[in-house]
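Trainee: I need the structure of the sequence given here:
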Amino acid sequence: MDKKNFIEAIQKLKALPKRKFKQKYDLIINLKNLDLKKPEHQVELWIKLPHDKGKPAKIGALVGPELADQAKANCDVVVMHDDFSQYTDKRKIRKLARECDYFVAQANIMADVAKAFGRIFGPRGKMPNPKAGCVVPPNANLKTLSENLRKTIKATAKIQPSIKVIVGNEDMPDEQVAENAMAIYTNVLQKLPQELFNIKSVLLKMTMSEPVKVEEAKK
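Mentor: Numbering: from 1, shown residues only. As a prediction, this is how the structure comes out:
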């Protein structure tokens, strides 16, 4: 499968009746022959896209004084370590979780981050994750990290054998949407134990449309 296959699917979707709002493109990868009870069969990937999905991810920072200036310059929401005590109301923490796609935290205060926010952030997948590079030392470069995270998408399959992610919107050029979709497909494929034999189908849809199958050109 290559970029051309995704472009063909995008063009089929664009031929459908228009909606009165800007629709997003969803990529759906259905999996097979996996036992998701086994950790080695589960998928959890943070993939940096070639292009943002039309709306850059929002970044929250949970930091101490060492990273205060960088966080304020490069992140959308900043909560200082000294202010963690102000987050005792669960509604306030839920609001914070909704405001950001990813949270970055200093490694030396992670115990306090977990204590203050873990109960709410954890089930929502919002805890700063070392695998995504979101747990950082006090001398980290937050400018580079935040730029990367704004184009990063999380692809997961831990309970259901299916991955669904947003890859763009209809205002974006077809090539950019296709390149985002291809980047996710390639990363997921490489993660699967049997690669192609673990992929049941690849679909592309708009917000309000039926899915279109992404197919390889017939030889």
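Trainee: Ramachandran angles for the nearest residue to M172 once chain neighbours are set aside?
Mentor: Of all residues not flanking M172 in the chain, G54 sits nearest, at 5.5 Å (Cβ to Cβ, 6 or more residues apart in numbering). For the C-beta atoms, the positions are set from N, CA and C on the backbone; glycine is no exception. Reported as degrees, to the nearest 10, the phi and psi values for G54 are phi 100, psi -20.
Trainee: and G54, how many residues sit next to it?
Mentor: 18 (other Cβ atoms under 10 Å).
Trainee: Likewise for K158?
Mentor: When neighbours are counted by other Cβ under 10 Å, K158 comes out with 12.
Trainee: pLDDT at it, what is it?
Mentor: On the pLDDT scale, K158 is placed at 91.
Trainee: do the one 3 residues further on as well
Mentor: P161 is assigned a pLDDT of 96 by the prediction.
Trainee: Repeat that for E195.
Mentor: Reported pLDDT for E195: 92.
Trainee: Next up, the contacts around the closest residue to it other than its chain neighbours.
Mentor: Sequence neighbours aside, L189 is the residue nearest to E195 in space, at 5.4 Å (criterion: Cβ to Cβ, 6+ apart). If you count contacts by Cβ atoms under 8 Å, 6 or more residues apart in numbering, L189 has them with 195-196, 199.
Trainee: Which of the helices or strands spans the residue positioned nearest the centre of the chain?
Mentor: In the chain, the residue lying closest to the centroid (Cα atoms, centre = their mean) is I153, at 2.3 Å. Here I153 sits within strand 152-157, counting by DSSP states H and E.
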